[in-house]
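Q: dropping the sequence and predicted coords here.
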Amino acid sequence: MTGALPAALAALGRPVLAALAAVGRVVLFAIAAVGHMLRPPFYAREFGHAVMQIGWNSLPVVGMTAIFTGGALALQIYAGGSRFNAEAVVPQIVAIGMARELGPVLGGLMVAARVASSIAAEIGTMKVTEQIDALVTLSTNPMKYLTAPRLLAATLTVPVLVGVGDAIGIMGGWMVGITRLDFNSATYLKNTMDFLQFWDVGSGLVKGAVFGFLVALMGCYHGMNSARGAQGVGAATKAAVVSASVLILASNYILTEVFFSA
């Protein structure tokens, strides 16, 4: 019994210390990446390619997710509001729900699923095929050439995706409202515009910037630290998506607490 307690504490402490060490590595990686984002040289071609990959190519999946989410949200709010004779609040709640929460979070998760995996697989494959070593040989910093453009592109483009997703989601709720729930189109739109405030939309855009940074950070970090071989690249891809999704949900709560707590 004398040695059982220390052994149990050691078994509990090892994963905790490993988790803290992993967090420390990610934080140091993020600090280094931000430093490279702010110092020249800047690789405009890589930045433009990242904008297309992260922003433009993600627009279809974000738009499809938003329009169906807005429609389903309208149906659910109408069904719940009918229990209290409050069906008229559908336009207002759809608008605030999409702008504050569902638009940023679902958009961020869709981008995480698509972009974090792509970045991790691309950079991990470059590491496996020794292309990153070739960059170092050519006196090109991999962090500046591979990581900084993607972080900057994601931070700038994901808020745009969130804004477009908000508009499409509200449109989805409007379409369901006027076709399935017998709302008047002009009244629905007026209630939406009268109720929605600037900070409802602004807070979602700030969340989008944070989520975009986290998505690109996790993709680059796991890609840069992937193990050798195809199995290592696959593990890095999976870890990038999982960690980005968890960080999005955790940071969403923190940001919501900061923005809207009493």
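A: Thanks, I have it.

Q: contact partners for Leu20?
A: In this structure, Leu20 makes contact with no residue, judged by CB atoms under 8 Å, 6 or more residues apart in numbering. For the C-beta atoms, the positions are set from N, CA and C on the backbone; glycine is no exception.

Q: gap between it and Gly13?
A: 10 Å (CB to CB, to the nearest Å).

Q: how about Phe183?
A: From Phe183 to Gly13 the distance is 58 Å (CB to CB).

Q: more crowded one of the two?
A: Phe183 (22 against 10; other CB atoms under 10 Å).

Q: count the neighbours of the nearest residue to the more buried one once chain neighbours are set aside for me.
A: Sequence neighbours aside, Gly177 is the residue nearest to Phe183 in space, at 4.0 Å (criterion: CB to CB, 6 or more residues apart in numbering). When counting by other CB under 10 Å, one arrives at 28 neighbours for Gly177.

Q: what's the next secondary structure element after the helix or strand Gly177 falls within?
A: Element membership for Gly177 (DSSP states H and E) is helix 148-179. For helix 148-179, the following helix or strand on the C-terminal side (DSSP H and E) is helix 185-195.

Q: tell me the mean pLDDT over that following helix?
A: What helix 185-195 shows for mean pLDDT is 89.

Q: stretch 65-85 too?
A: Mean predicted confidence for stretch 65-85 is 89.

Q: and stretch 207-222, by the same measure?
A: In the prediction, stretch 207-222 has an average pLDDT of 94.

Q: show me how far it is from its chain's centre.
A: Stretch 207-222 sits 6 Å away from the centroid of its parent chain (CA atoms, centre = their mean, to the nearest Å).

Q: cool, and stretch 12-29?
A: Using CA atoms, centre = their mean, the offset of stretch 12-29 from its chain centre is 22 Å.

Q: same question, stretch 202-218
A: That offset, for stretch 202-218, works out to 6 Å (CA atoms, centre = their mean).

Q: tell me the secondary structure at Ala227.
A: coil (DSSP: H, G, I helix; E, B strand; the rest coil).

Q: surely it touches Ala235?
A: Yes. Between Ala227 and Ala235 there is a contact at 6.7 Å, judged by CB atoms under 8 Å.

Q: in contact with the closest residue to Ala121 other than its chain neighbours, which residues?
A: In space, and not counting its chain neighbours, Ala121 is closest to Thr237: 4.9 Å by CB to CB, 6+ apart. Under the criterion of CB under 8 Å, 6+ apart, the contact list for Thr237 reads Ser117, Ala120, Ala121, Gly124, His222.

Q: buried set for whichever strand or helix holds Thr237?
A: Thr237 is located in helix 229-260, with elements delineated by DSSP H and E. For helix 229-260, the neighbour count (16 or more other CB atoms under 10 Å) marks 233, 235-237, 239-241, 243-245, 247-248, 251-252, 255-256 as buried.

Q: could you list every residue that touches Ala120?
A: Taking CB under 8 Å, 6+ apart, one finds Met218, Gly219, Cys220, His222, Gly223, Ser226, Val233, Ala236, Thr237, Ala239, Ala240, Val241 in contact with Ala120.

Q: and with 10 Å instead?
A: Counting by CB atoms under 10 Å, 6 or more residues apart in numbering, Ala120 makes contact with 218-226, 233-241, 243-244.

Q: test my guess that the residue nearest to Phe183 contacts Val94.
A: Yes. With contact defined as CB atoms under 10 Å, Gly177 reaches Val94; the gap is 7.9 Å.

Q: what do those two both touch?
A: In contact with both Gly177 and Val94: Gly70, Gly71, Ala74, Ile77, Tyr78, Tyr188, Asn191, Thr192, using CB under 10 Å, 6+ apart.

Q: skip the chain neighbours and tell me the closest residue to the third one.
A: Taking CB to CB, 6+ apart, and ignoring the residues beside it in sequence, Ala74 has Gly173 as its nearest neighbour in space, at 3.9 Å.

Q: hmm, the one you found is touching Ala95, no?
A: Yes. In this structure, Gly173 is within contact of Ala95 by CB under 10 Å, at 7.7 Å.
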